[in-house]
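> give me a model of this one.
(one chain, ligands or ions: 2)
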Amino acid sequence: MRTSIATVTLSGTLPTKLAAIAAAGFDGIEIFEQDFLASDFTPEEVGRMVRDHGLEITLFQPFRDFEALPEPHRARAFARAERKFELMNQLGTDLMLVCSSVHPQAQGGIDRMAQDFSDLGDLAERHGVRVGYEALCWGRHVFDHRDAWEVVRRADHPRIGLILDSFHTLSRGLDPETIRAIPGDRIFFVQLADAPAIPMDLLYWSRHFRNMPGEGDLDVAAFLRAVLATGYDGPLSLEIFNDQFRAGLPRMVAQDGHRSLIALMDQVGATPPLPPPAPVERVEFIEFATSPDEAPALEGLLTSIGFDRAGRHVTKPVSLWRQGAMNVLVNTDATGFAHSSFVAHGTTVSEIALMVPDARSAHARATALLAQPHEQPATPGQLSIPAIRGVGGSVIRLLDGASDLSRIWEVDFRADPPGAGAGITGIDHLGQTMAYDEMLSWSLFYTAIFAGEKAPMVDVADPDGLVRSQAIRAGGLRVTLNGAEARHTLAGRFIEDSFGASVQHVAFASDDIFATARALEGRGFRPLRIGANYYRDAQARFGLDDALTARLQAANVMYDEDAEGRFFQLYSEPRADGFFFEIVQRQGGYAGYGAPNAPFRIAAQKRAARPAGMPRR
Ligand SMILES: O=C(O)c1ccc(O)c(O)c1
Ligand SMILES: [Mg+2]
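Residues are numbered from 1 along each chain as shown. Ligands and ions are numbered 1, 2, ... in the order given. Take a look at the predicted model:
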């Protein structure tokens, strides 16, 4: 099906928007009238620019406050419409959207409205254009697509059809299944938008909080399935009013939009199927990019949390560190991708390798969903591991147990089995810190490509501002995306210090956190000190007995529980740039990440990071 996007979705001037939309791979655009009016181009020039980008104008909108007006407003509305029909001919588009009236003089009356549309259809016919009617969910008399359809049905004019917009239907809780009774050839256009489930005024919600399908909480897939059941085969167009997008990078927002549409069409079977979303089995390794100067400090930190050096790459200056089923690589190469990561971010997690059932299929899905493939010249005798770019330009490698990729530790490395360690079994989750503006984009990336499930977003109070945290789980891959708006938060400072988004913390899993804590004492591990106030409160909140409370406090372990189970967290002191390790233990089916503890942990990290001589409380 053809894809389209409303110009109102993006920031910038009309030419910038067109370039971004074309680069993202859309087939067409809805011209939002304001974008045209604000530009200095003639309608013919705009039409030519659009077509020069290989795009078509799928819709001109919006035309407001048309139907059921008393005179002289009615005559004026028709005169206004005629001007717009002429403009559409100059632009080179044949479809106009009329949204349901909010005019204080609008009289309502279904037959009166139908008569107005029938007359408008005659006028449209004379100009060779068509008109679609959309129910705004805050419309004065028409605010339900079923009523808009009844107006169109009664107008009974070949130039008059219905326009459906998922936001207006789903925001009101209208059952999208009711769309199935509408004939597909009477639906002239379909707009798609999602939104987060925040109870608020409909108009305000629509104008500021819409987002891409899959980024919010509305069932856009059910809506689209119902639309497709009617036989509709016109464009699917994104119309997203969102404050952040209107201030964001147009290329990023346009690409997210196309990614969301491709994923949605795949999900509902509107296009030939993509390879299925890969269920991630586990994180097989993470790789740090560093320098020979900074490597010893990093390796000291790895040693202190129980890792042992267990080998090296056959040709590159990459050491392998192992514990349990976890592999950590430390890359000090002075050339290539690792080096450029180090130059860009400082010592950083530059690669994450995921074990999936079929790496090449997962890679094909990712690139079909517009992920940027990461190519590296293959070294003879070594594996060529499929890879894509992820957060902050880092690399996600895809491994599987079914192909030659399963032999990575034999082919590319001289590797010994892990040592005794301190009880860390693998990775629990990765915390990726980014600007708040990037959060929706990366959350869509993970959910679309890896079939991840989003947890509800939580606000974390840093002493110096709010940080938002979005957890995503795709099988054995758990990530928390932490979005910083305020610059002085721990997350905000990390972004500045490491020059953009990257992994700020790695949380390893242990089956027995107290045994791990004890084992780490002998390895020089410096736990983040958690104050007594926290433990008194935790004891009271959860009704913990004195013995457990004392154990937690002695080991600086934080505690949380949910209906399914219990959670224990032990933190390292943060590195100077704010990077840190965490060790967690999940008991039962605890599904969270200890968010209630985050404000106290962050405050403790900020105390620990103060320069010597500064007060530590
Ligand atoms: O917010 C509005 O006014 C508006 C205008 C046109 C649309 O298609 C729409 O969905 C909303
Ligand atoms: Mg709309």
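
> dihedrals phi and psi, the closest residue to ligand 2 within the chain?
In the chain, the residue that lies nearest ligand 2 is residue 165 (3.6 Å; C-beta to the ion). Where C-beta positions appear, they are placed from N, C-alpha and C, glycine not excepted. The phi/psi pair for residue 165 (degrees, to the nearest 10) reads phi -140, psi 120.

> ok, and the closest non-adjacent residue to it?
Distances taken as C-beta to C-beta, 6 or more residues apart in numbering place residue 191 nearest to residue 165, at 4.1 Å, with adjacent residues excluded.

> try residue 281
residue 355 (4.3 Å).

> bridged to the one you found, which residues?
In this entry, residue 355 is beta-bridged to residue 282, residue 399, by DSSP bridges.

> can you get me a residue count around it?
22 (other C-beta atoms under 10 Å).

> relative to residue 379, how far out is it?
22 Å (C-beta to C-beta, to the nearest Å).

> how about the residue nearest to residue 165, what does it touch?
Counting by C-beta atoms under 8 Å, 6 or more residues apart in numbering, residue 191 touches 6, 30, 134, 163-167, 237-239.

> the same query, at a cut-off of 10 Å, please.
4-6, 30, 59, 61, 97, 132, 134, 163-168, 235-240 (C-beta atoms under 10 Å, 6 or more residues apart in numbering).

> ok, what's across the strand from it?
Under DSSP bridges, the beta-bridge partners of residue 191 are residue 165, residue 237.

> tell me the phi and psi of residue 15?
Per degrees, to the nearest 10, the backbone of residue 15 is at phi -60, psi -40.

> mean confidence score for the helix or strand hosting residue 299?
Using DSSP states H and E, residue 299 falls within helix 295-304. In this model, helix 295-304 has an average pLDDT of 96.

> show me what it is in contact with.
Here helix 295-304 makes contact (C-beta under 10 Å, 6+ apart) with 288, 290-291, 307-309, 317, 319, 321-323, 328, 330-332, 347, 422, 520, 522-526, 572-573, 575-576, 579-581.

> kindly report the same for stretch 114-124.
63, 66-69, 74, 77-79, 81-82, 85, 88, 94-96, 98, 101, 109, 111, 129-131, 133, 150-161.

> output the below-cut-off pLDDT ranges for the stretch 201-350 of the chain.
Within the stretch 201-350 of the chain, no stretch has pLDDT under 70.

> that one: strands as residue ranges?
For the stretch 201-350 of the chain, strands defined by DSSP state E, counting those that start in this stretch occupy the ranges 236-238, 282-289, 308-313, 318-323, 326-331, 348-356.

> and those: which comes nearest residue 547?
Of all the strands of the stretch 201-350 of the chain, strand 318-323 sits nearest to residue 547, with 29.0 Å by C-beta to C-beta.

> kindly report the residues of the protein close to ligand 1.
61-62, 97, 99, 134, 136, 165, 191, 206-207, 239 (C-beta under 6 Å from any ligand atom).

> distance check, the residue nearest to residue 165 against residue 259.
Distance check for residue 191 against residue 259: by C-beta to C-beta, it reads 18 Å.

> quick one on the thing from earlier: quick one: residues contacting the residue nearest to residue 281.
278, 280-285, 397-401, 405-406, 475-477.

> buried among those residues? Make that a ChimeraX selection.
Those of the contacts of residue 355 that count as buried under 16 or more other C-beta atoms under 10 Å are selected in ChimeraX with:
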select :278,280,281,282,283,284,285,397,398,399,400,405,406,475,476,477
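
> the longest strand along the chain: what's the following helix or strand?
For the chain, the longest strand by residue count, based on DSSP state E, is strand 424-435. For strand 424-435, the succeeding helix or strand toward the C-terminus, using DSSP H and E, is helix 439-450.

> partners of the longest strand of the chain in the sheet?
strand 477-484 (parallel), strand 502-510 (antiparallel).

> ok, which of those strands comes nearest residue 221?
Between residue 221 and those, the tightest spacing by C-beta to C-beta is seen for strand 477-484, at 22.5 Å.

> quick one: that closest one to chain centroid distance?
10 Å (C-alpha atoms, centre = their mean, to the nearest Å).

> now the helices for the stretch 201-350 of the chain?
Under the criterion DSSP state H, counting those that start in this stretch, the stretch 201-350 of the chain contains helices at 202-208, 220-229, 250-268, 295-304, 336-345.

> related to what we said a few turns ago, tell me which of the strands of the stretch 201-350 of the chain lies nearest to residue 556.
strand 318-323 (20.2 Å).

> that closest one vs strand 502-510, what angle?
Strand 318-323 runs at 40 degrees relative to strand 502-510, counting by axes from the mean of the first three to the mean of the last three C-alpha atoms, to 10 degrees.

> burial count for the residue of the stretch 1-150 of the chain found nearest ligand 1?
Per C-beta to the nearest ligand atom, the residue of the stretch 1-150 of the chain with the smallest distance to ligand 1 is residue 62, at 3.7 Å. Neighbours of residue 62 under the rule other C-beta under 10 Å: 20.

> and it, how close does it get to residue 100?
From residue 62 across to residue 100, the span is 10 Å (C-beta to C-beta).

> okay, and the common contacts of the two?
When contacts are counted by C-beta under 10 Å, 6+ apart, the set common to residue 62 and residue 100 consists of 134, 136.

> show the pLDDT at residue 613.
At residue 613, pLDDT is 52.

> do residue 500 as well
Taking residue 500 on its own, its pLDDT is 83.

> next: the one 4 residues further on.
Per-residue confidence (pLDDT) for residue 504: 94.
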